[in-house]
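S.K.: no sequence for this one, just the structure:
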């Protein structure tokens, strides 16, 4: 009976030990598997991170103006800059030389719109390393001189004639640039210029002084479709 008891104790203790050993082996396998999975995941994540630009990289690319810069893009920068160099003085003159309140209002729109647009133009040109003029064109300077020598109703009509024609012609250029440019900063400038110029044409038309002759002059510069 004592031998039987010893055998019972022997078998009773052997069984739990085998179960424990099996559990330990299983746990080691699980830990090893998790370690392999984590290592693989880290490797894949690192590989993906290397192919996807970060938000900071994307911001840097946008700030530098991604996309090729054409000669038309550069000419556009110059034209927008020169527009402000003569239209801002014209807007100031309207405040003291105009006879009608609608002309003074149009002048204020010129002052506000071109001041903001000129700042954006200079910032864009600096980023893209495009030199800009510090003077209006010779033709634009002649327009400013004509306005200086006029006042009252004569000033009002001359102001509308010159500025509506000028805005209409550059409006056509804006469309060409906006439709075809590959440069993100030029695209942004063209969009803003389009909104500004459209606003100025509207306030000039609100004066009731826009003539068919001026519109015909603008129409003559529209590229003919083939």
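M.R.: Structure received. Model, not experiment: these values are computed from the prediction.
S.K.: ok, which stretches of the protein are strands?
M.R.: Along the chain, no stretch is classed among the strands by DSSP state E.
S.K.: in it, which residue is most central in space?
M.R.: residue 188 (3.5 Å; C-alpha atoms, centre = their mean).
S.K.: spit out the contact partners of it.
M.R.: residue 124 (C-beta atoms under 8 Å, 6 or more residues apart in numbering). Yep, even glycine has a C-beta here, placed from its N, CA and C like the rest.
S.K.: tally of neighbours for the nearest residue to residue 153 once chain neighbours are set aside?
M.R.: Leaving aside its sequence neighbours, residue 153 sits nearest to residue 99 (C-beta to C-beta, 6 or more residues apart in numbering; 5.0 Å). For residue 99, the neighbour count with other C-beta atoms under 10 Å is 14.
S.K.: for the one 10 residues further on, same thing?
M.R.: Counted with other C-beta under 10 Å, residues neighbouring residue 109 total 19.
S.K.: report pLDDT for it.
M.R.: pLDDT for residue 109: 97.
S.K.: isn't it right up against residue 201?
M.R.: No. The pair residue 109 and residue 201 does not pass the contact test of C-beta atoms under 8 Å, sitting 10.1 Å apart.
S.K.: which residues do these two both contact?
M.R.: Contacts common to residue 109 and residue 201, judged by C-beta under 8 Å, 6+ apart, are absent.
S.K.: what about this structure, any weak spots by pLDDT?
M.R.: Where the chain drops to pLDDT under 70, the residues are 1-65, 225-226.
S.K.: give me the domain ranges for it.
M.R.: If you go by automatic domain parsing, the domain ranges for the chain are 2-52, 59-219.
S.K.: need the winner for burial among those.
M.R.: domain 59-219 (a mean of 17; mean count of other C-beta atoms under 10 Å).
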